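S.K.: heads up, no residue letters with this:
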Ligand SMILES: Cc1ncc(COP(=O)(O)O)c(C=O)c1O
């Protein structure tokens with residue numbers, strides 16, 4: 001989706017979220033604050049489901065992208081199911097109202113306790129990442145007299161073409177089993193009394209902007225499913241993971257939801273199997289901004305400025321971790337000459353830079369800036385580094401807004417300590 005994102009628009013020169021001025025949210029909830037558009041969250045979830053209308057998928061929202069309870073509840077109400085990446089995310093999914101048979105569970109290094117919980121709940125699928133994990137699931141299912149629903153995560157050895165830290169489908173990464181391992185594993189699993197092999201799973205990475213890797217990954221498991229069917233092993237579903245990218249930079253070329261569907265459906269459709277999707281970023285990313293106040297201005301040696309704001313890498317780590325670009329806008333711009341600047345946070349790290357080499361309208365201490373497209377991998381990756389409390393989170397619903405996660409206090413942070 002290129003260009004300005006509907007949901008966050010300028011009215012009378014000021015940036016709004018739907019029918020609420022962002023300045024009103026900042027005045028009421030304080031800063032830094034993550035602000036989400038309920039309308040956008042729902043619209044984007046519905047748009048992705050609609051793009052696959054001629055082969056209706058089970059869309060399992062990837063909770064890791066934004067695990068705030070109210071956001072996860074919105075996803076359920078918009079027609080999604082859930083994809084959990086940890087025991088904690090399974091509990092969030094349950095509390096958001098998902099049934100166990102609406103939850104798939106993925107993750108390298110699932111602990112014994114997490115597997116016991118997943119097996120005994122009877123999740124729709126545990127996406128197994130290694131032969132050893134399959135053994136552990138089998139033993140737990142046998143001990144509980146159950147039959148666990150397991151899918152095998154395949155590493156298709158595909159380069160997703162995104163940042164190395166968020167690429168997961170190459171053979172050098174820790175994720176999944178090789179195609180050969182997966183074939184052997186599934187054949188063997190099919191003979192076990194306490195396992196039900198329900199599918200194959202693949203997730204090659206995040207922020208993918210080209211169709212070819214997505215097609216290649218889907219084709220790998222589609223071909224495997226056909227081969228297994230020839231051997232008499234009939235699966236229920238193919239899970240092609242998440243990964244669809246969004247336009248963080250103006251004019252950045254990305255796939256539309258329809259182009260995504262067109263990239264994968266031709267290889268999935270002939271299998272006749274149910275299609276599971278695990279999107280995160282594409283749904284929630286553009287539906288959120290991080291609102292922050294300027295706390296200081298300081299000129300650099302080269303004449304440019306530091307615009308120092310009250311949000312930092314503890315609220316949004318993507319720029320520091322992935323050198324990611326986020327558009328940064330002044331909420332109520334003033335007239336005057338542009339300010340050439342770096343927008344930085346208050347954390348004692350040089351990497352605590354939200355935007356480098358930017359040009360902003362002139363700003364003063366106390367002005368508000370909005371960091372765009374922070375609804376995915378924003379609040380959810382927050383830390384308390386420098387003893388900074390987690391920012392508040394706000395949901396805008398038309399002309400109303402409410403706090404869905406209150407700002408953390410120092411007492412909240414210290415309450416677990418002796
Ligand atoms: C297993 C799995 N599924 C789904 C996702 C969601 O990916 P994205 O937010 O790029 O759609 C991730 C994130 O990387 C993941 O690890």
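M.R.: Perfect, I can see it now. Quick caveat: nothing in here was measured; it's all calculated off a predicted structure.
S.K.: only C-alpha atoms for contact and neighbour calcs from this point on.
M.R.: Will do.
S.K.: Tell me, how many residues neighbour residue 114?
M.R.: Residue 114 has 15 neighbours, counted by other CA atoms under 10 Å.
S.K.: In this structure it contacts residue 86, no?
M.R.: Yes - between residue 114 and residue 86 there is a contact at 7.4 Å, judged by CA atoms under 8 Å.
S.K.: near the ligand, which residues of the stretch 251-400 of the chain show up?
M.R.: Selection of the stretch 251-400 of the chain residues close to the ligand by CA under 6 Å from any ligand atom yields 278-282.
S.K.: What is the nearest of the residues you listed to residue 318?
M.R.: Closest approach between those and residue 318, by CA to CA: residue 281, at 12.5 Å.
S.K.: which strands and helices sit next to the helix-or-strand element of the chain with minimal mean pLDDT?
M.R.: Scoring the helices and strands of the chain by mean pLDDT, DSSP states H and E places helix 179-189 at the bottom, with a mean of 93. Judged by 3 or more CA pairs under 8 Å, 6 or more residues apart in numbering; DSSP states H and E, the packing partners of helix 179-189 are strand 148-153, strand 195-201, helix 211-230.
S.K.: one more time with 7 Å, if that's ok
M.R.: Contact partners of helix 179-189 among helices and strands, from 3 or more CA pairs under 7 Å, 6 or more residues apart in numbering; DSSP states H and E: strand 195-201.
S.K.: where do the helices sit along the stretch 301-418 of the chain?
M.R.: Assigned by DSSP state H, counting those that start in this stretch, the stretch 301-418 of the chain shows helices spanning 318-322, 410-414.
S.K.: and the first one, what other elements does it pack with?
M.R.: Which is helix 318-322. Applying 3+ CA pairs under 7 Å, 6+ apart, one finds that helix 318-322 contacts strand 353-360.
S.K.: which of the residues in the strand it packs on are buried?
M.R.: Within strand 353-360, the residues scored as buried using 16 or more other CA atoms under 10 Å are 353-356, 359-360.
S.K.: What sits closest to residue 14 if chain neighbours are left out?
M.R.: Among residues not flanking residue 14 along the chain, residue 332 sits closest, at 4.8 Å (CA to CA, 6 or more residues apart in numbering).
S.K.: Repeat that for residue 82.
M.R.: residue 60 (4.2 Å).
S.K.: Quick check, central residue of the protein?
M.R.: For the chain, the residue nearest the mean C-alpha position is residue 65 (2.3 Å; CA atoms, centre = their mean).
S.K.: Now for the chain: which strand has the highest residue count?
M.R.: The single longest strand within the chain, with elements called by DSSP state E, is strand 288-299.
S.K.: In the one helix or strand residue 16 maps to, which residues are buried?
M.R.: Secondary-structure element containing residue 16, defined by DSSP states H and E: strand 14-17. Within strand 14-17, the residues scored as buried using 16+ other CA under 10 Å are 15-17.
S.K.: how far is it from where the chain is centred?
M.R.: Between the centre of strand 14-17 and the centre of its chain there are 24 Å (CA atoms, centre = their mean, to the nearest Å).
S.K.: and the residue of the stretch 301-418 of the chain found nearest the ligand, how many neighbours?
M.R.: The ligand sits closest to residue 376 of the stretch 301-418 of the chain, with a gap of 7.1 Å, by CA to the nearest ligand atom. Residues lying near residue 376 (other CA under 10 Å) number 26.
S.K.: doesn't residue 90 fall inside a strand?
M.R.: No - per DSSP: H, G, I helix; E, B strand; the rest coil, residue 90 lies outside any strand segment and is helix.
S.K.: isn't the residue nearest to the centre of the chain right next to residue 280, touching?
M.R.: Yes - with contacts counted by CA atoms under 7 Å, residue 65 reaches residue 280, the gap being 5.1 Å.
S.K.: Show me which positions of the least confident helix or strand of the chain end up buried.
M.R.: 179, 182-183, 185-186, 189.
S.K.: same question, stretch 120-136
M.R.: Residues 120, 122-131, 133-134, 136 are the ones in stretch 120-136 that count as buried (16+ other CA under 10 Å).
S.K.: can you put those in JSON lines and add distance to the ligand?
M.R.: Shown next, in JSON lines, are the buried residues of stretch 120-136 (distance: CA to the nearest ligand atom, whole Å):
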{"residue": "120", "distance to the ligand": "21"}
{"residue": "122", "distance to the ligand": "19"}
{"residue": "123", "distance to the ligand": "15"}
{"residue": "124", "distance to the ligand": "15"}
{"residue": "125", "distance to the ligand": "12"}
{"residue": "126", "distance to the ligand": "11"}
{"residue": "127", "distance to the ligand": "9"}
{"residue": "128", "distance to the ligand": "11"}
{"residue": "129", "distance to the ligand": "10"}
{"residue": "130", "distance to the ligand": "14"}
{"residue": "131", "distance to the ligand": "17"}
{"residue": "133", "distance to the ligand": "16"}
{"residue": "134", "distance to the ligand": "17"}
{"residue": "136", "distance to the ligand": "20"}
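S.K.: could I get the residues you listed as JSON lines with secondary structure?
M.R.: Formatted as JSON lines, the buried residues of stretch 120-136 follow (three-state DSSP):
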{"residue": "120", "secondary structure": "helix"}
{"residue": "122", "secondary structure": "coil"}
{"residue": "123", "secondary structure": "coil"}
{"residue": "124", "secondary structure": "coil"}
{"residue": "125", "secondary structure": "strand"}
{"residue": "126", "secondary structure": "strand"}
{"residue": "127", "secondary structure": "strand"}
{"residue": "128", "secondary structure": "strand"}
{"residue": "129", "secondary structure": "coil"}
{"residue": "130", "secondary structure": "coil"}
{"residue": "131", "secondary structure": "helix"}
{"residue": "133", "secondary structure": "helix"}
{"residue": "134", "secondary structure": "helix"}
{"residue": "136", "secondary structure": "helix"}
